[in-house]
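In: fold the following and give me the result.
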Amino acid sequence: MNSNAAIEAFLEMMSAERGAAANTLDAYRRDLEDAHGAMPKDRGLAHASVLDVRAHLEGIAAQGFAASTQARKLSALRQFFRFLYSEGIRPDDPTGTAEAPRKPRSLPKTLSEAETGRLIERAEAEAAAPPPGVSREAAVRLHALVEVLYATGLRVTELVGLPLGVALRDDRFFVVRGKGDKERMVPLSAKARATMSAWLRVRAENPASAESPWLFPARSETGYLPRQVFARDLKALAARASVPVSAISPHVIRHAFASHLLQNGADLRAVQLLLGHADISTTQIYTHVLEERLVRLVNEHHPLAD
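Out: Sure, this is the predicted structure:
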């Protein structure tokens, strides 16, 4: 099998058997085609040797790519060669001895509970009395978006792309279709349910919105609110709420959701399910929160802590 055919077969397997999303498949394709272009022409990627792969990885490092990018490219190669080995297309895996670069541990930006509270309180106040230049519909929508995002920890693309039907079913839960087209159920707090009901009433008053199949409709290519518009409105809200604008984004609120749950006693596995992480290792970026909680627990309750 030539390399181009092998890459196509691998991508087809990732799509059909593992449900990889379109963006993931595009990233695999780019990484594998780049690697194929770097291989000796008489062998190509599918028949690359251990030395060929090592030279390619060293070339990536020499170009100054971040450790996370190098690790991603190596992961793509590993999965590709394991596929070829499992299919009997080649007898070995040339990435078997390759080492991933060490990535520095980066902690996610987040907000304190007080900052999050100020942001939500400001959104609630503006929904009742919109500031100059902000329509009532936009203010009520923003309040609903912020409340639901903090209550559920959805990815921003999941939130803005919610179909109307999810809010018309049992309002205690949202059924969300996330990465890899996988569904998960996320509970809604009483406050989030109330803001959602208020948004649905306002939404129904606009004939253009009322006919849309999306929960947060907009005049856009997709038909729903672009995530960039939500991010822009969120930063403007943060400025009015005296929350550092540089520290705010929809993703930061998702991190706040996870961090605040763990700070208040939630289990890491439960947070993994709520965030929609396929692997617990992804959720383990929050272990510093658990460590802080354990230290506080010992300091507060151990008889020799003083």
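
In: helices along the stretch 101-250 of the chain, start to end?
Out: For the stretch 101-250 of the chain, the helices defined by DSSP state H, counting those that start in this stretch occupy 113-128, 136-152, 156-160, 165-168, 190-205, 207-210, 227-240, 250-263.

In: ok, and what's touching the third one?
Out: Contacts of helix 156-160 with the rest of the structure, by CB atoms under 8 Å, 6 or more residues apart in numbering, involve 145, 148-149, 152, 176-178, 216, 224-227, 230-231, 250-251, 254, 276. Where C-beta positions appear, they are placed from N, C-alpha and C, glycine not excepted.

In: give me the buried entries from those residues.
Out: Burial by neighbour count, 16 or more other CB atoms under 10 Å: within these this picks out 145, 148-149, 152, 176, 178, 216, 224-225, 227, 230-231, 250-251, 254, 276.

In: tell me the least confident of those?
Out: On pLDDT alone, Gly178 ranks lowest of the buried ones among the contacts of helix 156-160, at 73.

In: my read: that residue touches Gly153, true?
Out: No: the criterion here is CB atoms under 8 Å, and Gly178 misses it with Gly153 at 11.1 Å.

In: where does pLDDT dip in the stretch 1-150 of the chain?
Out: For the stretch 1-150 of the chain, the stretches flagged by pLDDT under 70 are 102-108.

In: quick check, nearest of the buried ones among the contacts of helix 156-160 to Pro101?
Out: Distance to Pro101, by CB to CB, is smallest for His251 among the buried ones among the contacts of helix 156-160, at 24.1 Å.

In: hang on, the earlier thing: quick one, which of the helices of the stretch 101-250 of the chain is packed in tightest?
Out: For the helices of the stretch 101-250 of the chain, the largest average neighbour count (mean count of other CB atoms under 10 Å) is found in helix 136-152, namely a mean of 22.

In: just how off-centre is the helix or strand where Gln272 lies within its chain?
Out: Using DSSP states H and E, Gln272 maps to helix 268-275. When distances are taken as CA atoms, centre = their mean, to the nearest Å, helix 268-275 is centred 13 Å away from the chain's centroid.

In: now do the same contact list for the closest residue to Pro217 other than its chain neighbours.
Out: Using CB to CB, 6 or more residues apart in numbering and skipping the chain neighbours, the partner closest in space to Pro217 is Ser209 (4.8 Å). Applying CB under 8 Å, 6+ apart to Ser209 gives the contacts 137, 203, 217.

In: before we move on, what about Ile7?
Out: Ile7 sits next to 29, 32-33, 36, 45-46, 80 when contact means CB under 8 Å, 6+ apart.

In: same check, this time on Ile253
Out: Listed by CB under 8 Å, 6+ apart, the contact set of Ile253 reads 111, 116, 146, 149-150, 234.

In: distance check, Ala100 against Asp26.
Out: 22 Å (CB to CB, to the nearest Å).

In: again with Ala128
Out: Distance, Ala128 to Asp26, by CB to CB: 44 Å.

In: can you check Ala270 too?
Out: Distance, Ala270 to Asp26, by CB to CB: 32 Å.

In: same deal with Gly117?
Out: Relative to Asp26, Gly117 is positioned 39 Å away (CB to CB).

In: give the contact list for the closest residue to Ser197 other than its chain neighbours.
Out: Closest residue to Ser197 apart from its sequence neighbours, by CB to CB, 6+ apart: Asp171 at 7.4 Å. By CB under 8 Å, 6+ apart, the contact set of Asp171 is 188, 193, 196-197.

In: Lys179 touches Ala22, doesn't it?
Out: No: in this structure, Lys179 is not within contact of Ala22 by CB under 8 Å, at 10.7 Å.

In: so for these two, which residue has more residues nearby?
Out: Between Lys179 and Ala22, counted using other CB atoms under 10 Å, the more crowded position is Lys179 (16 against 9).
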